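Undergrad: model this:
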Amino acid sequence: MLAELVWLVPLFPLLGFVINGLGFGKLSRSTSSAIGVGSVALSFALVVGIFFQYLGNHQAVTVNLYEWIAAGSLHVNFSFLVDALTLNMLLIVTGVGLLIHIYSAGYMSHDEGFTKFFAYLNLFMFSMLVLVLGSNYLMMFIGWEGVGLCSYLLIGYWFKNQDYTAAANKAFIMNRIGDLGFLLGMFLIYINFGSLEFSQVFDKAASGFSTGDPTIVAITLLLFVGACGKSAQIPLYTWLPDAMAGPTPVSALIHAATMVTAGIYMIVRSNVLFSLAPFTLEVILIIGSVTALLAALIALTQNDIKKVLAYSTVSQLGYMFAAIGASAYTSAMFHVTTHAFFKALLFLCAGSVIHAMSGEQDMRKMGGLKGKLRITFITMLIGTMAITGVPLLSGFFSKDEILMMVWDRSPFAFLLLAITTVLTSIYMFRMLFMTFYGNFRGTHEQEHHLHESPTSMTAPLMILAVLSVIGGYLGLPHLTGLPHALHNFLHPIFEANTRLIMSEPDATTELLVVAGATLALAIVVYVTYQTFAVKPVEREIDIATKPFWYKLSYNKFYVDEIYDAALVQPIHILSEEGLWKTLDVRVIDGAVNGVADAVRGGSETLRRLQTGSVRAYAASLFLGVVTVLGYYLWR
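TA: Residues are numbered from 1 along each chain as shown. As a prediction, the model looks like this:
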């Protein structure tokens, strides 16, 4: 069986990392790109083969390579699990990842660290593949930490820029906060189940714990903290927009195919535990819905084309978490899949625009690019239509499915997501019209050098555009009477979940959601076109003249400033004034230096007794003898 060779899937990118890493400064660009792209292509080809074989028998396979840890009652195997959920993620990671690697060969062609960049990309792929393939929580955690390390390396890739280095540090530190929650959750899992293997944990949980058990609630809340860090949800989301410091292909890889989907995957994989904790699901539903709305509100006023897409990712992840909170795990994975297509497409299109604009990312200095970058424009239009839910494109199916699932569980969360849907249409078409319509607002030199990207960059755009159109047909609405292909494919993952509450929206609800969303979208497109395509766009904005809501959005609701005032500055003051200047310098250093000063002072005094005078020594000896004799005579 091909599934027995699944260990080769992560091995190929790992070998690419080793070869390019050791060959940095020695390998040519063509050789480096061939190794980097080829390693992922081999992984993708093997995954496709395993996928078709799985379709023939629908049999999950666990591949044990060796016993990794044996300490007392703790036994952890270095093993991989191949089932429907794993294959869903593998196809996304290797397929979309391959297109991003191909794109990177053109985008980074003039970068001096070309070989190193491909080494980092391959390591990123290896880490994500280990994460989704692991058959136990410890294997998943190894990949979890690996993608965190790679995000740090790639976000701060241009490390000579201090702002980029700060962004990499921010991503690394905020992810460590979430990772602590994941780690504590793993400790609780082992204490209560005696194992970290998925199969053993889920079987014992389903048979031995009641719904709402405090232990399960504690475990799931801790795991959710880990998911919030990796998948950028409130309060651990602020690192993701700053991650735009990395090269654009990195942004596409993080936002579409790898890192940010890890939290969603982990919870869906742990669906048995989460279905036993209704309280945790309520928390997830609320945080997901609020995050989706908050990020959409911020995206409305951002002018950096990549920042708009970054906040869009945070918002779309909120949809996925809301679906999980409504126990619609399949709907969450459906949106993970379609989002991978159109978000990778949008980021790579943004990279094509930035490439043509000689590095410019401010949309206020673009405009009129539609005629110069025709392929980029058409593909970005398709991506924008897909994410905003234009009927019959991928986002239309997955987004509306989530709305309908959430409606059954929480009308309030549905309202938040419905508002978010309208806001998504506003900021995405604002981005499209500011970038491609109107008059060119850049410099004469930029206009002179405008050109379409090379084939190595445009070919992935066209493939992703096609996937963004057809990807939604994996999950046709219930009212069509046709099977939901992805739901049927993932069904075996939920067979052991006896607490899963499945619901199917009625046809009336589906029609109302579709009609309402389509009408709102049409209105938004018309208004944004009139505002940002017909009317001239301001190159400079005086924030002081803007209304209060605009200032809040433009300044990202001052969340970073609040974190700085509430957490960073108090810790800084405590560290500097309390621990360093008082405890360290005055108490610890004072005690150590005080002893040294006392010894030195005493030594200085005793040293003066050594005068070098024979007469003085004789007199001292005489006085000593007289003193001793006197003591004994008068005692």
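Undergrad: Give me the distance between Ala522 and Gly106.
TA: 36 Å (CB to CB, to the nearest Å). Using the backbone N, CA and C atoms, a C-beta is placed for each residue, glycine as well.
Undergrad: Likewise for Phe433?
TA: Taken as CB to CB, the span from Phe433 to Gly106 is 27 Å.
Undergrad: more crowded one of those two?
TA: Taking other CB atoms under 10 Å, Phe433 and Gly106 do not tie; Phe433 has more neighbours (24 against 21).
Undergrad: contacting residues around the more buried one?
TA: Thr528, Tyr529, Thr531, Phe532, Ala533 (CB atoms under 8 Å, 6 or more residues apart in numbering).
Undergrad: by contact count, what packs against the strand ranked longest in the chain?
TA: In the chain, assigned by DSSP state E, the strand with the most residues is strand 61-71. Where contact means 3 or more CB pairs under 8 Å, 6 or more residues apart in numbering; DSSP states H and E, strand 61-71 is packed against strand 74-82.
Undergrad: chain center to the strand it packs on: distance?
TA: Here strand 74-82 is found 25 Å from its chain centre; the criterion is CA atoms, centre = their mean, to the nearest Å.
Undergrad: what do you get for stretch 198-205?
TA: Centroid separation for stretch 198-205 versus its chain: 27 Å, with CA atoms, centre = their mean.
Undergrad: And stretch 154-163, by the same measure?
TA: Worked out by CA atoms, centre = their mean, stretch 154-163 lies 18 Å from the chain centre.
Undergrad: Going by neighbour count, which residues of that stretch are buried?
TA: Of all the residues in stretch 154-163, those buried under the rule 16 or more other CB atoms under 10 Å are Leu154, Ile155, Gly156, Tyr157, Trp158.
Undergrad: I'd like to know which of the residues you listed is nearest to Lys372.
TA: Trp158 (26.6 Å; CB to CB).
Undergrad: For that closest one, give its distance to Gly246.
TA: 8 Å.
Undergrad: With Ser33 instead?
TA: To Gly246, Ser33 is 18 Å away according to CB to CB.
Undergrad: Likewise for Ser195?
TA: Distance from Ser195 to Gly246, counting by CB to CB: 38 Å.
Undergrad: who has more neighbours, these two?
TA: In this view Ser195 and Gly246 are compared by other CB under 10 Å, and Gly246 has more residues nearby, 26 against 19.
Undergrad: wait, doesn't that one sit right on Ile155?
TA: Yes: Gly246 lies in contact with Ile155 (CB atoms under 8 Å); the separation is 4.3 Å.
Undergrad: joint contacts of those two?
TA: Residues touching both Gly246 and Ile155 (CB under 8 Å, 6+ apart): Tyr164, Ala167, Ala168.
Undergrad: Is Ile354 in contact with Gln361, as I believe?
TA: Yes: using CB under 8 Å, Ile354 makes contact with Gln361 at a distance of 5.7 Å.
Undergrad: Can you pull the residues that touch both of those two?
TA: Between them, Ile354 and Gln361 share these contacting residues under CB under 8 Å, 6+ apart: Ile305, Lys306.
Undergrad: Setting aside sequence neighbours, what's the nearest residue to Thr261?
TA: Leaving aside its chain neighbours, Thr261 sits nearest to Val336 (5.4 Å; criterion: CB to CB, 6 or more residues apart in numbering).
Undergrad: repeat for Trp158
TA: Tyr164 (5.2 Å).
Undergrad: Does anything pack onto the strand or helix carrying Glu145? Which helices or strands?
TA: According to DSSP states H and E, Glu145 maps onto helix 137-155. Packing partners of helix 137-155 (3+ CB pairs under 8 Å, 6+ apart): strand 74-82, helix 114-133, helix 162-193, helix 214-230, helix 262-269.
Undergrad: contacting residues around stretch 481-496?
TA: With CB under 8 Å, 6+ apart, stretch 481-496 has contacts from 58, 60, 83-85, 88, 202-203, 206, 268-269, 271-272, 329-330, 333-334, 337, 473-476, 478, 500.
Undergrad: oh, I was asking about stretch 373-380
TA: For stretch 373-380, contacts defined as CB under 8 Å, 6+ apart pick out 345-346, 349-350, 352-353, 356, 369-370, 432, 435-436, 450-453, 458, 461-462, 464-465.
Undergrad: Can you point out the buried residues in it?
TA: Buried positions in stretch 373-380, judged by neighbour count with 16+ other CB under 10 Å: Leu373, Ile375, Thr376, Phe377, Ile378, Thr379, Met380.
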